[in-house]
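[1] Need the 3D shape of this:
(chains A and B)
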Amino acid sequence: AQTVTQSQPEMSVQEAETVTLSCTYDTSENNYYLFWYKQPPSRQMILVIRQEAYKQQNATENRFSVNFQKAAKSFSLKISDSQLGDTAMYFCALPNSGYALNFGKGTSLLVTP
Amino acid sequence: KAGVTQTPRYLIKTRGQQVTLSCSPISGHRSVSWYQQTPGQGLQFLFEYFSETQRNKGNFPGRFSGRQFSNSRSEMNVSTLELGDSALYLCASRVESSYNEQFFGPGTRLTVL
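    Numbering: from 1, shown residues only, chains lettered A, B, ... in the order given. I've put the predicted structure just below:
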């Protein structure tokens, strides 16, 4: 069975600083995608970044980047130059073979001035 | 393109009643998935519909059902509501692609009294 684990329920970071959110997962698939989704307070979930497992290069989207360690089954999200608008719940997600997303429990990130 | 829309946004029901939630996917998206989000259980997959057929189902009782229409709009129904059904119900649509990006709606907040 696939599992996704986010071990940090809450984190906080000051504006302009860098923060890393952790995610570990388990899957028997060899090729798969991993996602980080962001859910701001009372707003809808949006995709932050995705990583394809067979690509060794870590994905980057502006201030968001990942550290993907396939052998260790680790998929962390780094947010650089944090902004107040980054305050949100962040979910790590892994699709199963039927395309349903398995989500971690989430990390609540608070960016403070 | 308009995003995923869900109606109603908020709903209050009493135990034993039934409820129907609606989701309109992004134009051109034929796959619609439903997720239940609660503080205790997090995000859990309910089911996925593609071309009017249920393609995948999560581990929920038979009181939870859904359907999809020829225009890809989807409804989910919960019968004999229980207090534990109080949750945010999220709908997501996607276009068939290699990376399975799902686009989420704002959700329907269901409160069961």
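
[2] Run through chain B and note the low-pLDDT ranges.
    Segments of chain B classed as low confidence (criterion: pLDDT under 70) are B:98.

[3] List, one by one, the residues from it near chain A.
    Contact residues of chain B with respect to chain A, defined by CB under 8 Å from any CB of the partner chain, are listed as B:3, B:31, B:33, B:35, B:42-43, B:45, B:48, B:55-56, B:58, B:90, B:92, B:94, B:99-107. The way it works is simple: take the backbone N, C-alpha and C, and place the C-beta from them, glycine included.

[4] Around chain B, pick out the residues from chain A.
    Contact residues, chain A versus chain B (CB under 8 Å from any CB): A:33, A:35, A:37, A:43-47, A:50, A:52, A:91, A:95, A:98-106.

[5] Repeat the analysis, applying 6 Å as the threshold.
    Within chain A, the positions lying close to chain B (CB under 6 Å from any CB of the partner chain) are A:33, A:44, A:45, A:47, A:50, A:95, A:98, A:99, A:100, A:103, A:105.

[6] What's the local residue count around the closest residue to the third one other than its chain neighbours?
    So the one you mean is residue A:45. In space, not counting the residues next to it along the chain, residue A:45 is nearest to residue B:104; the distance is 4.1 Å by CB to CB, 6 or more residues apart in numbering or on different chains. Other residues lying near residue B:104 total 21 when counted by other CB atoms under 10 Å in any protein chain shown.

[7] dump the residue contacts of residue B:104.
    A:44, A:45, B:90, B:92 (CB atoms under 6 Å, 6 or more residues apart in numbering or on different chains).

[8] Which members of those are positioned in strands?
    Taking DSSP state E as the definition of strands, these contribute B:90, B:92.

[9] for stretch A:27-37, which positions count as buried?
    Neighbour-count burial for stretch A:27-37, with 16 or more other CB atoms under 10 Å in any protein chain shown as criterion, is recorded at A:27, A:32, A:33, A:34, A:35, A:36, A:37.

[10] sorry, that was for stretch A:59-73
    For stretch A:59-73, the neighbour count (16+ other CB under 10 Å) marks A:59, A:64, A:65, A:66, A:68, A:73 as buried.

[11] mind listing what the fourth one touches?
    Each residue near residue A:66 by CB under 6 Å, 6+ apart is listed here: A:49, A:51, A:58, A:59, A:77.

[12] What does the second one show for phi and psi?
    Summarising the backbone geometry of residue A:51 under the convention degrees, to the nearest 10, its torsions are phi -140, psi 130.
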